[in-house]
Structure formats: C-alpha cells, structure tokens
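Participant: whatever this is, show me its structure:
(one chain, ligands or ions: 2)
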Amino acid sequence: MFKDLTPVKVGLKTQILPADEAAVAAAARCLAEGGLVAFPTETVYGLGADAAQAPAIARLYEAKGRPAFNPLIAHVADIDAARQIARFDATAIRLAEAFWPGPLTLVLPKTAHCRVAELATAGLDTVAIRVPAHPVAQAILRAFGGAVVAPSANISGHVSPTTAAHVASDLTGRIDLILDGGAVSVGVESTILACFEEAMLLRPGGLPREAIERVLGHALQRLPEDAVNDDAQPLAPGMLASHYAPRTPVRLNATHIEPDEALLAFGHAAAEGAHAAKAVMNLSAAGDLGEAAANLFGYLRELDAKGAHTIAVMPVPHHGLGEAINDRLRRAAVGR
Ligand code: TXA
Ligand code: MG
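Facilitator: Ligands and ions are numbered 1, 2, ... in the order given. Okay, here's the model as predicted:
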C-alpha cells in the first residue's frame with residue numbers, strides 16, 4: 001500500500017501569505033496541484049493536502065516525518081460534504097448538528113464511494129472527519145471544493161503550532177504555502193470521538209467531554225489506559241504515549257521549583273521557589289481553562305527555548321478543557 005511513496009522534496013520555497021482572499025484562492029489552486037498548504041483552524045494550524053491525491057499525501061507524511069500508519073483527519077466544509085465520505089448513524093448526526101463547525105472530529109465508517117485515499121486512512125475502513133469553524137479554513141475548503149486531509153502543521157512529535165510562525169519554524173523548505181491567519185483561538189487539537197454503535201472518546205480536545213455528554217444524555221465510554229502505548233499498532237492510531245513533546249524534560253504537578261527549572265504556572269497560587277526559576281510563564285493567572293488551552297503550546301515552545309534543565313508544570317484542574325490540557329502535558333512529560 002505504501003510502495004508508491006514519492007521522495008520528499010526538501011528545499012522547497014515556502015511562501016507565507018497573509019490569509020486574504022487572494023491567498024485563499026492561491027491555497028485552493030496549490031491543493032488542486034498536489035501541493036502542501038498550512039492554514040489556521042480554530043484548534044491548531046493544519047497542514048493540508050488534497051484527500052484524493054495519494055502522491056500529495058505521501059509528500060505530506062514525508063514533510064512531517066510522520067509514521068504512515070498514523071491516519072489523517074479529512075476536513076470538509078459542512079455535514080453534506082461529510083456524508084459523501086462517511087456513514088452517519090443517528091448519534092453521529094446528532095453530534096455533528098450540535099458541534100459542527102467546531103473542534104470535534106468524528107471517526108466513522110467510510111462510504112463505498114469515499115474518495116479519501118487509502119494512504120490517508122492508513123488502510124482502515126473508517127475515516128476521521130472534521131468541519132472546522134475558522135473562517136480561513138472554511139474559505140479554503142469552499143474554494144477547493146473537496147476534502148482536505150490535515151494533521152497539525154508540525155514535525156511529527158513536536159508541539160502543535162498555534163501561530164504561523166510556529167509552522168514556519170518547523171516546516172519552512174518542506175511545504176509550499178503557509179496562510180497566516182494570526183493566533184488560533186482554542187489552542188489544543190479537536191476532540192476525537194469514534195462513533196460506531198456507541199460513542200467512544202479517542203482523544204480529549206478542544207470540545208470538553210461535558211458538552212458532548214450533555215448532548216448524548218449519558219457518560220462517554222473511555223479508552224482503556226493501556227491503549228496509550230508505543231506499539232506500532234495502537235488501539236486508536238495516534239494514541240502514541242509521547243506525541244506533544246518539547247526537547248526539555250517536563251515534570252508534572254510541581255509544587256516547588258528548583259533553580260535550574262523553568263516554571264509553567266496555572267492560577268494565582270505561587271509555587272515554592274518560583275522566584276529563582278529560570279523562566280516563569282502562567283497559562284492563566286485567573287485560572288481560566290480556555291485561556292490556558294490557548295496558551296499551552298506556545299508557552300511550551302517558549303519555555304523549551306530557555307535552556308532550562310526541566311520544565312516544571314503546576315497542577316491543572318481536570319474538568320472541561322483541563323482534560324485535554326492534562327492529556328497533552330502527560331504526553332509531553334513522557335519525552336521522546
Ligand atoms: O484539531 C485537530 O484535530 C487538528 C487540526 C489541524 O484539524 N488536526 C490534528 O490532526 O490534530 P493530527 O493528525 O495531529 O491528529 C489526528 C488524530 C491522530 O491521532 C490519528 O491517529 C487519529 O486522529 N485518527 C485519524 N483517523 C483515524 C481513524 N480512522 N481511527 C482512529 N483514529 C484516527
Ligand atoms: Mg498532531
């Protein structure tokens with residue numbers, strides 16, 4: 001299935017354009033020609049390729065250095081387009097109507113005529129679909145007309161990008177175009193639900209579990225803890241234990257700080273020894289989880305650049321967006 005991989009084109013000239021109307025048209029053309037385009041969604045920046053062009057998808061895996069068994073999310077403009085590529089049962093329709101466009105990805109059975117390339121779904125008979133709300137993502141999807149597969153626009157294993165500058169620092173010379181639409185609003189990736197007979201949470205993300213449970217009217221099934229592992233065939237692909245790692249080691253639930261450490265704080269309580277820390281950034285001094293999610297990846301990148309021995313992270317509450325924040329922090333702490 002992967003034998004027709006084309007060699008990676010590094011040394012490409014990567015254009016960065018402000019995300020205006022002309023740039024959106026250029027992005028749609030570039031995708032149609034098999035190019036790779038990074039663009040903002042409300043969660044994180046995505047790296048897009050035409051979902052129907054296997055060679056473009058092969059280039060995308062190469063540009064990210066992503067293991068090809070880890071499948072991609074297909075992005076479409078609306079539910080009608082989504083129903084061309086996946087089969088929706090009553091629950092899936094209810095969730096899509098409640099939360100699309102927005103930070104929710106549904107994993108559903110492919111339709112018989114699904115045009116998403118096998119390479120993008122890693123040979124599975126399911127496909128992950130998302131309808132992003134960001135106006136630039138919406139404009140590109142409408143101008144392009146088809147499904148666009150887009151993982152986060154970072155080198156595989158790095159922290160996801162929340163600004164165009166983050167994308168450029170990882171992928172310049174490896175992709176064709178970056179549309180700069182400013183900083184994203186949500187800051188963590190979409191929540192992923194598998195929706196077969198019952199909905200199952202595969203990845204906590206930008207849509208809090210509580211909101212989904214309110215629509216379903218019952219608690220969501222959880223993945224067993226041991227589904228998060230480093231096997232080549234994880235139960236849910238992409239649930240690799242280490243995935244969002246900065247280069248500096250990360251220490252969780254820190255209540256006191258060593259002088260060589262950088263501090264990632266949360267809330268107004270002071271950590272013991274914080275005054276002597278190498279650097280301090282506060283995810284949200286007000287203790288607001290939405291603000292903390294929006295700041296998380298950018299602050300991890302900044303603290304990673306301080307040359308600290310360790311990034312010590314204060315405890316973050318586990319409700320609402322805290323579940324996704326703690327998931328990403330836990331993965332960052334596993335290291336690579
Ligand atoms: O917010 C987001 O979801 C961003 C923006 C760009 O849309 N995208 C994103 O993509 O986070 P990525 O590739 O970094 O993560 C997609 C996750 C992976 O963990 C992958 O394994 C999982 O979705 N996935 C994709 N297709 C799947 C499938 N058929 N079954 C189970 N998991 C799947
Ligand atoms: Mg990613």
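Participant: mind checking how far residue 249 is from residue 262?
Facilitator: 11 Å (CB to CB, to the nearest Å). Bear in mind the C-beta positions are built from the backbone N, C-alpha and C, glycine included.
Participant: wait, residue 145
Facilitator: Counting by CB to CB, the gap between residue 145 and residue 262 amounts to 46 Å.
Participant: for residue 276, grab the count of nearby residues.
Facilitator: By the measure other CB atoms under 10 Å, the count of residues near residue 276 is 12.
Participant: so it touches residue 260, yeah?
Facilitator: No: applying CB atoms under 8 Å, one finds residue 276 not in contact with residue 260, separated by 9.4 Å.
Participant: neighbour count: residue 249 and residue 262, which is higher?
Facilitator: More neighbours surround residue 262 than the other of residue 249 and residue 262, with 25 against 16 (other CB under 10 Å).
Participant: tell me the bridge partners for the more buried one.
Facilitator: Using DSSP bridges, the beta-bridge partners of residue 262 come out as residue 279, residue 311.
Participant: got a list of what it touches?
Facilitator: With contacts taken as CB atoms under 8 Å, 6 or more residues apart in numbering, residue 262 has the following neighbours: 248, 277, 278, 279, 280, 281, 303, 306, 308, 310, 311, 312.
Participant: how about the residues of the stretch 1-150 of the chain near ligand 1?
Facilitator: Contact residues (CB under 6 Å from any ligand atom) of the stretch 1-150 of the chain with ligand 1: 41, 43-44, 46, 70-73, 105, 107, 121, 124, 126-128, 130, 150.
Participant: in strands, which of those appear?
Facilitator: 46, 73, 105, 107, 126, 127, 128, 130 (DSSP state E).
Participant: same list (the residues you listed) but as JSON lines, adding pLDDT and distance to residue 268.
Facilitator: Conversion of those to JSON lines gives the following (pLDDT from 0 to 100; distance: CB to CB, whole Å):
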{"residue": "46", "pLDDT": "98", "distance to residue 268": "34"}
{"residue": "73", "pLDDT": "98", "distance to residue 268": "37"}
{"residue": "105", "pLDDT": "98", "distance to residue 268": "34"}
{"residue": "107", "pLDDT": "97", "distance to residue 268": "39"}
{"residue": "126", "pLDDT": "95", "distance to residue 268": "44"}
{"residue": "127", "pLDDT": "97", "distance to residue 268": "44"}
{"residue": "128", "pLDDT": "98", "distance to residue 268": "38"}
{"residue": "130", "pLDDT": "98", "distance to residue 268": "35"}
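Participant: any idea which of those has the most stuff around it?
Facilitator: Across those, the neighbour count under other CB under 10 Å reaches its highest value at residue 46, namely 29 neighbours.
Participant: burial count for the residue lying closest to that one once chain neighbours are set aside?
Facilitator: Excluding its sequence neighbours, the residue lying closest to residue 46 (CB to CB, 6 or more residues apart in numbering) is residue 150, at 3.2 Å. Other residues within reach of residue 150 by the criterion other CB under 10 Å amount to 27.
Participant: where's residue 150 relative to residue 282, distance?
Facilitator: Remark: distance between residue 150 and residue 282 (CB to CB) = 31 Å.
Participant: what do you get for residue 143?
Facilitator: In this structure, residue 143 lies at 39 Å from residue 282, with CB to CB as the measure.
Participant: equivalent analysis for residue 101, please.
Facilitator: When CB to CB is the yardstick, residue 101 and residue 282 sit 31 Å from each other.
Participant: please apply the same query to residue 324.
Facilitator: For residue 324, the distance to residue 282 (CB to CB) stands at 19 Å.
Participant: these two - which one has more neighbours?
Facilitator: The residue with the greater number of neighbours, taking residue 324 and residue 282 and applying other CB under 10 Å, is residue 324; the counts read 27 against 19.
Participant: can you give me phi and psi for that one?
Facilitator: Geometry field for residue 324 lists phi and psi as phi -70, psi -40, criterion degrees, to the nearest 10.
Participant: mind checking pLDDT for it?
Facilitator: According to the predicted model, the pLDDT of residue 324 comes to 95.
Participant: my read is that it contacts residue 293, right?
Facilitator: Yes: between residue 324 and residue 293 a contact is recorded at 6.6 Å, counting by CB under 8 Å.
Participant: between these two, which contacts overlap?
Facilitator: Common neighbours of residue 324 and residue 293, counting by CB under 8 Å, 6+ apart, are 188, 206.
Participant: common neighbours of residue 249 and residue 262, please.
Facilitator: Taking CB under 8 Å, 6+ apart as the contact criterion, the residues that touch both residue 249 and residue 262 are 310, 311.
Participant: residue ranges with poor pLDDT in the chain?
Facilitator: Along the chain, segments meeting pLDDT under 70 span 1-10, 222-243, 335-336.
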